[in-house]
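# the following block contains a protein sequence and its predicted model.
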Amino acid sequence: MSGQDEKGFPAEEAEEESGEQVIARLWEQNYDDSTAELLDLLPIRDDWRCLDLGAGTASMARWMAQRTERGSVLAVDIDTSLIDPSGPPNLTVKQLDLTAEDFAEESFDLILARAIFSQLPDPDAYLARVARWLAPGGWLLVEDFCFMPAAQAGTENGRAVIDAYVRTFEAHGVDAYWGRRAPALMARAGLVAMDKRIRPLCPGQGETENALMKARLHYQGAPLVDNGLVSAEQLAGFVASLDDPGAQDIATLQVSVWAQRPAA
């Protein structure tokens, strides 16, 4: 970010980006490197067929397209407005409702799903469906979140804001704890050679994480106050404390799990 206002929120110097664009850019900065690091652990071939579920800005779809020049990448999302239409020739972008889509079995060699299953109405069943889309020997990388209990946060403002955030998620049908179930569900779907990585997130867990939180609360925090879930003072106090070592917290865990469909 280029700066902050007097309350610690991102400065709005030029307003060249919408709030959605700012959050998307900071999401990339915070998560793309770690996702790429995990994908680099897989034996990706340049002729693989790849699928990016809930692609967002398609930043990782473009990464996969560069690695699979003789293959293909399909980036899908219910909203593709943040995706730059220009891209590698082997990248296709498609707008669709993931809950209504079903690809043929064995369609893909690599499927990436970041922060998407927890937002679906029946995520457990959908994961089992996605696993069937893998070709024999293909890989699925799932990254999602598991929030920690807000009542154990280290500060009063943290307890209030995190509780409000999780309650808002749940009111919109998001399972704030789904990431915890991902490893078991992938095993039940018949995937093997599983490995996983857990990353702590939220206050004090990194400069880019703090910047992302500030942007989210700046652009998306008003409904928390308007709905009486948290006070404006608690919200502003939480944001102001994000860079305070005495207020650091592990509010959520990013659960990354990757596994393979058995070879034929």
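Thanks, I have it. Numbers count the residues shown, from 1 in each chain.

# can you give me the helices in the stretch 101-250 of the chain?
Taking DSSP state H, counting those that start in this stretch to define them, one finds helices in the stretch 101-250 of the chain at 123-132, 156-171, 182-188, 207-220, 222-226, 232-240.

# okay, the ones you listed in TSV with mean pLDDT, mean neighbour count and distance to Thr92 next?
In this view, the C-beta of every residue, glycine as well, is placed from N, C-alpha and C. Conversion of those to TSV gives the following (pLDDT from 0 to 100; neighbours: other CB atoms under 10 Å; distance: least, CB to CB, whole Å):
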stretch	mean pLDDT	mean neighbour count	distance to Thr92
helix 123-132	96	18	18
helix 156-171	94	19	31
helix 182-188	98	18	26
helix 207-220	92	19	28
helix 222-226	94	14	35
helix 232-240	95	19	39
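
# between these, which gets nearest to Gly19?
For those, distance to Gly19 was read as CB to CB. The smallest value, 3.3 Å, belongs to helix 207-220.

# which strands and helices sit next to that closest one?
Identification of packing neighbours for helix 207-220 by 3 or more CB pairs under 8 Å, 6 or more residues apart in numbering; DSSP states H and E yields helix 19-39, helix 232-240.

# for those, which one ends up most surrounded?
With neighbours taken as mean count of other CB atoms under 10 Å, the helices and strands packed on helix 207-220 reach their highest mean count in helix 232-240, at a mean of 19.

# right, and the helix or strand after that one?
Downstream of helix 232-240, the first helix or strand assigned by DSSP states H and E is strand 252-260.

# pull up the pairing partners for that following strand, direction included.
For strand 252-260, the paired strands and their directions (DSSP bridges) read strand 134-147 (antiparallel), strand 192-201 (antiparallel).

# next up, the contacts around the nearest residue to Leu141 once chain neighbours are set aside.
The shortest distance from Leu141 to any residue that is not its chain neighbour, by CB to CB, 6 or more residues apart in numbering, is 4.3 Å, and that residue is Trp258. Contacts for Trp258 were tallied using CB atoms under 8 Å, 6 or more residues apart in numbering; they are 38, 41-42, 139-142, 194-196.

# for Ala189, same thing?
In this structure, Ala189 makes contact with 127-128, 131-132, judged by CB under 8 Å, 6+ apart.

# if we use 6 Å, what do you get?
For Ala189, the contacting residues are 128, 131, taking CB atoms under 6 Å, 6 or more residues apart in numbering as the criterion.

# phi, psi for it please.
Dihedral angles of Ala189 (phi, psi; degrees, to the nearest 10) stand at phi -80, psi 0.

# with just CA atoms, put the least confident helix or strand in the chain by mean pLDDT into CSV.
For the chain, counting by mean pLDDT, DSSP states H and E, helix 207-220 ranks last in confidence among helices and strands (a mean of 92). Extracted in CSV, the C-alpha atoms of helix 207-220 (Å, rounded to 0.1, in the frame of the first residue of the first chain):
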residue,chain,number,x,y,z
GLU,A,207,3.5,-7.2,6.7
THR,A,208,1.4,-8.4,3.7
GLU,A,209,-1.1,-10.1,6.0
ASN,A,210,-1.6,-6.9,8.1
ALA,A,211,-2.0,-4.9,4.9
LEU,A,212,-4.6,-7.3,3.6
MET,A,213,-6.5,-7.2,6.9
LYS,A,214,-6.5,-3.4,7.0
ALA,A,215,-7.8,-3.3,3.4
ARG,A,216,-10.6,-5.7,4.2
LEU,A,217,-11.7,-3.9,7.3
HIS,A,218,-11.5,-0.6,5.5
TYR,A,219,-13.6,-1.6,2.6
GLN,A,220,-15.8,-4.3,4.2
